[in-house]
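*Asks:* need a 3D model of the following:
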Amino acid sequence: MELLLILIFCIGYLLITLEHTIHINKTATALVTGVLCWTVYILNSDAHLVSHQLLEQLGEISSILFFLMGAMTIVELIDSHDGFELINKAITTRSRLKLLWIICILTFFLSAVLDNLTTTIVMVTLCIKLVRNVKYRLLFIGMIVVSANAGGAWSPIGDVTTTMLWIGGQISTTVIITKLFIPSLVSMLVPLGVSSLIIKGNLQNSDVSDLSSSNVRATVFEQRLILFTGILILLLVPVFKTITHLPPFMAMLLGLGILWILTEILHRGKDEEEKQKLSVIRALEHSDVPSVLFFLGILLAVGVLQHTGQLTQLAGMLTSTFESETIILSLIGMLSAIVDNVPIVAATMAMYSTDVYPMDASFWQLLAFCAGTGGSLLIIGSAAGVAAMGLEKVPFGWYLKNISWLALLGYLSGIGAFILQEKIFMN
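*Replies:* Predicted structure coming up:
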């Protein structure tokens, strides 16, 4: 049974990584893989015990999925009210170098609040409007991917993998922010500093006044209200968890409910078609449900390997082969550039028990950093990179030649900053 489970998981994993080659959506593959693994498990074990384990596993997975669905809907609602257009209008510089720094720093901090995928979409769209020169535009977009992944690593809501570790009890809000902020910042500043050496001149044929949307449906007041309320709700989620000790998804659902009521009141006097366009129901329809289902399938599959003890054996093998935790986690981070970081982190969480590495151990902190920033090494290594690739058609080879080495430089510098920081704190 164990060999069959590993075979199913590996085949499913391979098909997920080949999504763009075989033209089969990774969500479909993940769902089939997850269900097949549990089917094989229950047919070869005590059905009552496996059913109990499945319900227990589903409860843990649901907390992540509901959290993501709530966050996605809030961000989509901000976008439907053109809230992000306010950010676009605030950028007025015509210097390419200044614009690069502004965009990267803004991306770094926004991704910690909105998540790295959403921030990448917003900032890449801005670059497409501002930077007409293709050579410079691709460089800008590559640095946006690096900055978004770095920014998402130091926030409990900035990256799916960090959120998984936070909800799973491996890391706390305070520790992840204080311990990973500097390494994440370093992993962004190092490649940004190097890339600044080749950025010259001013923007061409750009006019900031042209950035505003031609189909703005919300008033300026509504834009600001929904933008700031949505961001405030996202920022208060960790605070709610700390005060009430309820799971984070409860705070996210509460925030979504409050924002839903606010929009109902705000658009009460408008005609039905206009209200529908700005409603939470419309935002729910446009939320990235396939991604949520992908996480469901992957986490189900990983859960089987956890319950059958396969991941525990793999952890023992890694530990005996590489005695250094830093080397193990660095390799895991690099691997996340090739395959999706969600199943990698899920597997690592299952492989290494909190009995061995308690909450907020440096092991979990470095895992969050490596899994979050390692995806920048390849354009297909993160959701942010895939989104950028879709919006601007960034060639895989171009990114590998021009951005990957910068991302690797930042990645290794960030790990070095984390190690140095740990030694300073220990002393």
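*Asks:* residue ranges with poor pLDDT in the stretch 301-427 of the chain?
*Replies:* 311-312, 314-316, 318-319, 339-340, 390, 426-427 (pLDDT under 70).
*Asks:* just for the stretch 51-200 of the chain, where's the confidence low?
*Replies:* 88, 92.
*Asks:* and the helices in it?
*Replies:* For the stretch 51-200 of the chain, helices defined by DSSP state H, counting those that start in this stretch occupy the ranges 85-90, 96-114, 116-130, 134-153, 160-167, 173-195.
*Asks:* got the angle between the fourth one and helix 173-195?
*Replies:* Read that as helix 134-153. 160 degrees (axes from the mean of the first three to the mean of the last three Cα atoms, to 10 degrees).
*Asks:* centre-most residue in this structure?
*Replies:* residue 159 (3.0 Å; Cα atoms, centre = their mean).
*Asks:* from residue 377, how far off is the closest residue to that residue other than its chain neighbours?
*Replies:* Spatial nearest neighbour of residue 159, chain neighbours left out: residue 152 (3.5 Å); criterion: Cβ to Cβ, 6 or more residues apart in numbering. C-beta coordinates here come from the backbone N, C-alpha and C atoms, glycine included. As judged by Cβ to Cβ, to the nearest Å, residue 152 and residue 377 stand 15 Å apart.
*Asks:* and what of residue 132?
*Replies:* Taking Cβ to Cβ, one finds residue 132 at 28 Å from residue 377.
*Asks:* more neighbours: those two, which one.
*Replies:* Neighbour count, other Cβ atoms under 10 Å: between residue 132 and residue 377, residue 377 has more, with 28 against 12.
*Asks:* quick check: phi and psi at the nearest residue to the more buried one once chain neighbours are set aside.
*Replies:* Leaving aside its sequence neighbours, residue 377 sits nearest to residue 337 (Cβ to Cβ, 6+ apart; 3.7 Å). Taking degrees, to the nearest 10, you get phi -80, psi -20 for the backbone angles of residue 337.
*Asks:* now for residue 337: which residues touch it?
*Replies:* Residue 337 is in contact with 374-378, 381-382, counting by Cβ atoms under 8 Å, 6 or more residues apart in numbering.
*Asks:* do residue 263 as well
*Replies:* Taking Cβ under 8 Å, 6+ apart, one finds 77, 226, 278-280 in contact with residue 263.
*Asks:* switch the cut-off to 6 Å
*Replies:* Neighbour list for residue 263: empty [criterion: Cβ atoms under 6 Å, 6 or more residues apart in numbering].
*Asks:* re the thing from before, what distance do you get for the residue nearest to the centre of the chain to residue 283?
*Replies:* Applying Cβ to Cβ, the value for residue 159 to residue 283 is 22 Å.
*Asks:* now residue 16
*Replies:* 28 Å.
*Asks:* how close does the residue nearest to residue 377 get to residue 38?
*Replies:* Distance from residue 337 to residue 38, by Cβ to Cβ: 29 Å.
*Asks:* do the same with residue 350
*Replies:* Counting by Cβ to Cβ - residue 350 and residue 38 are separated by 15 Å.
*Asks:* quick one: neighbours of the residue nearest to residue 159, just the number.
*Replies:* Using other Cβ under 10 Å: residue 152 sits among 35 other residues.
*Asks:* what about it, distance to residue 357?
*Replies:* The value you get for residue 152 to residue 357, if Cβ to Cβ is used, is 22 Å.
*Asks:* separation between the nearest residue to residue 57 once chain neighbours are set aside and residue 112?
*Replies:* Distances taken as Cβ to Cβ, 6+ apart put residue 303 closest to residue 57, at 4.2 Å, once the chain neighbours are dropped. Distance from residue 303 to residue 112, counting by Cβ to Cβ: 29 Å.
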